[in-house]
Structure formats: C-alpha cells, structure tokens
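**Student:** sequence unknown, structure follows:
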C-alpha cells in the first residue's frame, strides 16, 4: 500500500483532500495537512454523517472516511494538494449506504465470478455565466451547434486546460467537442475498470468546476439547465473482461453485432431493471426534463424514453456500436459516479445469473417512429415514478444492498416531497384567476 506520508514528501504535497460522495452525489471533503496524513490513512477522517445527504441522525457516532491511497490524484492546477477518494466506515464496519462502498461490494461480486467490468463515460457539461442563468458565450447561437469549430475555440482556454490535466494524469483523453446544445461540451478519456472510472468521473466533475471558476465561469452537469436545449447526458460504454483484463467476455465475432451470449445476458439484465435503474441513473426532478423532453432547438433530445436496444442507432436506450461492448444512453449528468457504475454491475450480474434475454432488437428511428413500439416499457415520467419502480424491484434492491436501497428511497422520497410542496410561479400563473 502506498505510504501517503512518503508520497507527500516525494511530490511536495502540503494538503490532502479526503473525499467521499454522499447519496445525492455531493462531494464532501476534509483538507488534511500532510503532517497529519499518517493517522488519517490508518483511521480515517471524521465526519458527522447526518450533516450530509446520508440516512443518519445526529446521534450516530463519527463516520470515518478511510482514504484509498492507491487512488490518490495530485491536483494538476494546484500541485501542493492531493485528492483521495475514501470509503466511509462507522464503528469499524463499512457504511453500507455509502456509494463507493456499494460499488466496491459489486466489483468484488463480479470478481468472484471471474469478471472485471470495464466502462467509459461521456460526461457532458455546460459553461455558464457565474449566476447560472445563461450560457457563457453570447456568440454561441447556432441552430445546430454540435461540433461547432468556432464555438469550441472560443472556449479553448478552458477545454485545453482540462484536457492538458487529463493528459498529465495519464487518463488517455482522446477527443473534446462542442456538444449539441449551445454552451455545451463533452470530453472523452479512455475506459477502465469500473471503480477507476467512477473515481475519475468524480474527480473530473471537481476539476471541470474548478477550472471553470478559475476562468470566471460556472460549469454545470445539471441534466436540463437551459429550457429548449439538449440536456446533459452521461452515456456509459460497457464491456466485461476476465480477471486478467485480457479477454473480452462480450466479444464474439460470429454473433449478431459481435455481442457474445454473456454480453446479451448482461444486456438483458440492464433491460430487465431499466425502469428501476432510472431512479439512480436519472436521480433528480430535473432529470425527467431531459428524458421526456419535447424536441429541442437542434431537432433531437438525444435521450431515450423507452426501454429498447439496437445496433449503431443513437435513438434507443442502448446501442451496440461495435463488437464486444454496448452503450447505455440513459444516465444523465446528475448521476452519482459510484452509483452509476454500481447499478450497471448489479443489473448485469442479475442478467448473467438468470440468462436474461434482452428482447427484440429494434432498428427504427425512435424519435420519428417510437409511437409504433407498443410492447416495450416506457421510462418513468418523473422522479416519483422512478422511485416507485425502484422500490418495487426487490431483486435489484437486494443486489445493491438492503441498507443502501432503504436509505436511498427514504432520502429521495423526501426530496420529491420537498419539490411537490414548493409553491411555483407556474401555479400562480395558471390558477390565480381560475
């Protein structure tokens, strides 16, 4: 195990950020001087769990976030600081509802079956003005702004700085572009083991926000921050390998679309649990303004609303763009980096266990002809429907863990209740003179 005190001396680290992610995806951290990191590495940094979005009370004992030293990342924009993802424990036992712990359990379960789940994600974000009400580039007004050469270069300083940092960190970034909405961008880096991808996804959000602030802007991964524009997706590319990471268990050149029987069964699990997964892959009230949106200014939402799969066709929930992998297009920018990976693995392992059939392949344009599909489940219309679907899927909840599932349902139900009790301007406009 990496000795963090020695690491600090070798790299010039003055402070460590011991960080964990709560149920709602908020990143929590303590800034620890290097001189104190030895004790923290052994025992963890203390937090009051109730003060964050976890289902705990003020009466609970200290929650200790034990850093994963092997996952340390030195901040490229502030090299005297290092970021450490941590696993929360309480009274010497893992906090089962903590998202990184949920993912770790499922990674271990996959390993017991001789499998390594590898993923890559496509994290989309907007660059806004600091107050968050409008995009940061007043010239970015094209009707079809995707891949706009001039627009991406007007934000070159921000995008290039982030990409330079990913290169420095060894993530293997390979492309950056202006996305389908005005003010929206996407940056891609190499796929990796699910936990590595989750840690990088978590750090990426932190890094993008930090660099944007440095340039006087505000970055958001909110699913639908601007009405009428395409929302922020977080598409996940999924493959499963042997424990050595050398043999792709999803690849079969002789099979349809190059997807092996194992790959089809894993996909079948995703299809079986998709409506329940939505509560986690699309975890906010705002999420359903993206997956159930009317046509956007650019002409398409690029988001699914029905549980269907296809070949290389972006209008479905899952597409198989090439042999040995598939893309889940359901998640959005609000997805918790750790829970996103966890639900993929949980659903997939259930599919393997039950030899699930993903159902018929559909090749139509779902945006133009989706109304013709009458035998496929619709995705939830709102967060409440998603939570009900999740709560009803007892097999899926058991796979994720009883304590986590109960805590998630409870906390998210409170969030929904808060939303529906909010008195909105829409109500005033539509009801005042009724």
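**Tutor:** Now that the structure is in, tell me what you want to look at. Just so it is clear, the model here is predicted, and its values are computed rather than measured.

**Student:** Can you give me the buried ones in stretch 204-212?
**Tutor:** By neighbour count on 16 or more other Cβ atoms under 10 Å, the buried set for stretch 204-212 is 204, 205, 206, 207, 208, 209, 211, 212. To be clear about C-beta, it is placed using only N, CA and C from the backbone, and glycine gets the same treatment.

**Student:** doesn't the first one fall inside a strand?
**Tutor:** Just to be clear, that refers to residue 204. No: secondary structure of residue 204 (DSSP: H, G, I helix; E, B strand; the rest coil): helix, not part of a strand.

**Student:** I figured it hits residue 123, correct?
**Tutor:** Yes: between residue 204 and residue 123 there is a contact under Cβ atoms under 8 Å: 5.9 Å.

**Student:** one step back: looking at the buried residues of stretch 204-212, which one is closest to residue 17?
**Tutor:** Checking the buried residues of stretch 204-212 against residue 17 by Cβ to Cβ gives residue 206 as the nearest, at 8.8 Å.

**Student:** quick one: buried residues of stretch 4-24?
**Tutor:** Buried residues in stretch 4-24 (16+ other Cβ under 10 Å): 4, 7-8, 13, 15-24.

**Student:** now swap in stretch 79-95 and tell me
**Tutor:** Applying 16+ other Cβ under 10 Å to stretch 79-95 flags 81, 82, 83, 84, 85, 86, 87, 88, 89, 90, 94, 95 as buried.

**Student:** and that stretch, how far from the chain's centre?
**Tutor:** Chain-centre distance of stretch 79-95: 20 Å, with Cα atoms, centre = their mean, to the nearest Å.

**Student:** and if you look at stretch 314-330?
**Tutor:** 16 Å.

**Student:** and if you look at stretch 237-247?
**Tutor:** Chain-centre distance of stretch 237-247: 20 Å, with Cα atoms, centre = their mean.

**Student:** residues of it that come out buried?
**Tutor:** Neighbour count says stretch 237-247 has 237, 238, 239, 240, 241 buried, by 16+ other Cβ under 10 Å.

**Student:** quick one: contacts of that stretch?
**Tutor:** When contacts are defined by Cβ atoms under 8 Å, 6 or more residues apart in numbering, stretch 237-247 is touched by residues 110-111, 114-122, 191, 193, 248-251, 262-263, 266, 324-328, 344, 348.

**Student:** Can you give me the end-to-end span of that stretch?
**Tutor:** Using Cα to Cα, to the nearest Å, the end-to-end distance of stretch 237-247 comes out at 17 Å.

**Student:** same check, this time on stretch 285-296
**Tutor:** Across stretch 285-296, the terminal residues are separated by 19 Å (Cα to Cα).

**Student:** Kindly report the same for stretch 143-163.
**Tutor:** This stretch, stretch 143-163, spans 27 Å end to end (Cα to Cα).

**Student:** which residues make contact with it from outside it?
**Tutor:** Contacts of stretch 143-163 (Cβ under 8 Å, 6+ apart): 77, 127, 136-137, 139-140, 142, 173, 176-182, 184-185, 187, 207-208, 211-212, 215, 217, 297-299.

**Student:** just stretch 411-419 next, same as before
**Tutor:** 23, 24, 53, 54, 55, 279, 283, 284, 285, 383, 384, 387.

**Student:** So for the first one, what's the nearest residue that isn't a sequence neighbour?
**Tutor:** Closest residue to residue 23 in three dimensions, ignoring its sequence neighbours and counting by Cβ to Cβ, 6 or more residues apart in numbering: residue 53, at 4.9 Å.

**Student:** rewinding a little: ok, of the buried residues of stretch 79-95, which one's closest to residue 257?
**Tutor:** So of the buried residues of stretch 79-95, ranked by how close each gets to residue 257 (Cβ to Cβ), first place is residue 85, at 34.9 Å.

**Student:** helix, strand or coil for the closest one?
**Tutor:** Put simply, residue 85 is strand when judged by three-state DSSP.

**Student:** My guess is it contacts residue 69. True?
**Tutor:** No: assessed by Cβ under 8 Å, residue 85 is found out of contact with residue 69, at 10.0 Å.

**Student:** what about the helices in the stretch 1-150 of the chain?
**Tutor:** For the stretch 1-150 of the chain, the helices defined by DSSP state H, counting those that start in this stretch occupy 4-11, 37-43, 99-112, 149-154.

**Student:** Now render the ones you listed as a markdown table, adding distance to residue 73 and mean pLDDT.
**Tutor:** Putting the helices of the stretch 1-150 of the chain into a markdown table (distance: least, Cβ to Cβ, whole Å; pLDDT from 0 to 100) gives the following:
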| stretch | distance to residue 73 | mean pLDDT |
| --- | --- | --- |
| helix 4-11 | 11 | 98 |
| helix 37-43 | 15 | 97 |
| helix 99-112 | 15 | 98 |
| helix 149-154 | 26 | 98 |
